[in-house]
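In: Next one to model:
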Amino acid sequence: MPSHGDRLFLRVLVNTLIANVTTSYLWFALTFWVYLETRSVMATAIIGGAYMLLVAVLGTWFGTLVDRYRKRSVMAASSLITFGSYAVAGALFLLLSADALVDWRGPWFWVFAGIILLGGVVENLRNIALSTTVTLLVPADRRDRANGLVGTVQGVSFMVTSVLSGLSVGFIGMSGTLLVALIMTAVATAHLLGFVRIPEPARAPGAASDVPAGIDFKGAWHAVRSVPGLLALLFFATFNNLVGGVFMALMDPYGLTLFDVKMWGVILGVTSIGFIVGGGLVAKFGLGPKPLRTLLLVNVALALLGATFTIREYWWLYAGGIFVYMALIPAAEAAEQTIIQRVVPLSTQGRVFGLATSIESAAAPVSAFLIGPLAEFVILPALRVPETAQSYAWLLGTGEARGIALVFLGSSLLLLVVVLLAFASRAYRLLGAAYAEAPEHTPGAAPEQPPTTAPGGASDTAQGLGAGTEAHPEEETTDTTHE
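Out: Numbers count the residues shown, from 1 in each chain. As a prediction, this is how the structure comes out:
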């Protein structure tokens, strides 16, 4: 039977699902609308790149806010900013002429797109808060399963929005899409304020000075370095995202050589069910007693899959590979979150998750921007030369996109080497020991942690959840300790 904390967490998760679906729905719709109206790949690329850049730049600041203020207050602020952004975007759409809005070389296009972008980026503030809420409400022995549910929510969001956004732009246009997003954001905000409670113990008087009002990069860096091996984990995840950026850049071009554009959209929608399946399996069975080992084993599977799912130009091999790839991603993400939730005190988890978001989000666009020109001007032309293509035929077979297949094979083998080296590394042993020895933080209570002094003289004691804010008597302070 679900405990009180489990029920509270499920309410937060449902609210996050509504909010995530809404922001993704409008963001996908904006991308589709921009391309249909401008036919400019450059415009969509700039918008996508700007989104990832802002996520990377703001991640650590968002994490600081999560540590400084109450989780529910942070989530409410995120929803209200998103609602305000969408309202302003809707007003601009109604007031400005169509010619001004679709001229991507003019200022109003970028003002309009930028305001929607702001509403989408600020949603990451809620997602960081959600990761710390798992620690707050869910017992340590069930956090891996809770993180699996978070992955399921992300999968549902991706699957729903990838289908609904295109249909929405096609049937009701951008104005109707903006109206739907505005209404659903209002629903998510009202649900959060009216039905969601996140009990937190009262803050110690004067604790607000422990968490700076600005971007606390020093505090985040100190929190990471204080756990042996944790920095190596973040670097590994960053490298993993660098390899993921290669797939992000080339999966669509490869898919469009096998399918027409309509069928490719259907394939993406169907294979995204893998997110839900993978998240559901983690929620059901967990990650085992050693999530770090599980994380590396999952990456071994991802590397072997990436090396083989384009080894021949068969549509079923590619589609099946994408499904399995998406099913494995929730386990990798849940493992990283579960490790951080165990080894990092809750009072600094927001900054650690924020720093991880910053450096990991910056990785994929970097590799995508690098591999695009390299593939376009070097690798693909080389594999179009009959003699070169024939020399690789024993390995890659024949077909139109053998150059992309070679890139996938090479990057996946590189990932495999790095994972095997990680298994043999000292950092793996240190972080594994730190996880095994860390106290199982009791939901609703601060972990037992000796006080340390962060760079700059800030005290990093874990005397209470969310150290860095003043007590808010209007919020619940009920202990949610599970029996």
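
In: hmm, which helix or strand of the protein has the shakiest average pLDDT?
Out: When the helices and strands of the chain are scored by mean pLDDT, DSSP states H and E, helix 261-271 comes last with a mean of 78.

In: For residue 27, which non-adjacent residue is closest in space?
Out: Computed as CB to CB, 6 or more residues apart in numbering, the closest residue to residue 27 that is not its neighbour in sequence is residue 120, at 4.6 Å. Backbone N, C-alpha and C define where each C-beta goes, glycine included.

In: That neighbour: which element?
Out: According to DSSP states H and E, residue 120 maps onto helix 107-121.

In: before we move on, the earlier item: how far does the helix or strand just after the least confident helix or strand of the chain sit from the chain's center?
Out: Per DSSP H and E, the first helix or strand lying C-terminal to helix 261-271 is helix 273-285. The chain centroid and the centroid of helix 273-285 are separated by 16 Å under CA atoms, centre = their mean, to the nearest Å.

In: Return the list of helices and strands in contact with helix 273-285.
Out: Helices and strands touching helix 273-285, by 3 or more CB pairs under 8 Å, 6 or more residues apart in numbering; DSSP states H and E, are helix 143-195, helix 315-343.

In: Where does the prediction get shaky in the stretch 251-400 of the chain?
Out: Across the stretch 251-400 of the chain, the ranges flagged by pLDDT under 70 are 261, 368.

In: how about 90 then?
Out: For the stretch 251-400 of the chain, applying pLDDT under 90 flags the ranges 251-273, 275-276, 346-347, 357-400.

In: Need phi/psi at the most centrally placed residue in the chain.
Out: In the chain, the centroid-proximal residue (CA atoms, centre = their mean) is residue 357; its distance is 7.5 Å. Dihedral pair for residue 357: phi -60, psi -40, per degrees, to the nearest 10.

In: where does residue 415 land on pLDDT?
Out: pLDDT for residue 415: 94.

In: in which helix or strand would I find it?
Out: helix 402-423.

In: For that helix, which helices and strands make contact with it?
Out: For helix 402-423, the packing partners by 3+ CB pairs under 8 Å, 6+ apart come out as helix 230-258, helix 291-308, helix 380-384, helix 386-396.

In: Throw those helices into JSON lines and include mean neighbour count, thanks.
Out: Output for those, formatted as JSON lines (neighbours: other CB atoms under 10 Å):
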{"stretch": "helix 230-258", "mean neighbour count": "20"}
{"stretch": "helix 291-308", "mean neighbour count": "20"}
{"stretch": "helix 380-384", "mean neighbour count": "16"}
{"stretch": "helix 386-396", "mean neighbour count": "12"}
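
In: of all those, which lies closest to residue 36?
Out: Among those, the nearest to residue 36 by CB to CB is helix 230-258 (16.5 Å).

In: Below-threshold pLDDT in the stretch 101-250 of the chain: ranges please.
Out: Of all residues in the stretch 101-250 of the chain, those with pLDDT under 90 make up the ranges 101-106, 123-124, 127, 136, 138-142, 149-173, 197-219, 237-250.

In: just to revisit the earlier point, can you list the helices and strands packed on helix 402-423 in TSV and add distance to residue 69?
Out: Putting the helices and strands packed on helix 402-423 into TSV (distance: least, CB to CB, whole Å) gives the following:
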stretch	distance to residue 69
helix 230-258	24
helix 291-308	29
helix 380-384	49
helix 386-396	53
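
In: before we move on, the earlier item: between the helix holding residue 415 and helix 315-343, how many degrees?
Out: Angle, helix 402-423 to helix 315-343, by axes from the mean of the first three to the mean of the last three CA atoms, to 10 degrees: 30 degrees.

In: could you check the angle helix 230-258 makes with helix 402-423?
Out: Using the same axes, to 10 degrees: helix 402-423 against helix 230-258 is 160 degrees.

In: chain center to the helix or strand just after helix 402-423, what's the gap?
Out: Sequence order places helix 426-437 as the next helix or strand after helix 402-423, per DSSP H and E. From the chain centre to the centre of helix 426-437 is a distance of 25 Å (CA atoms, centre = their mean).

In: same for helix 426-437, what does it pack against?
Out: Applying 3+ CB pairs under 8 Å, 6+ apart, we find helix 426-437 packed against helix 230-258, helix 291-308, helix 315-343.
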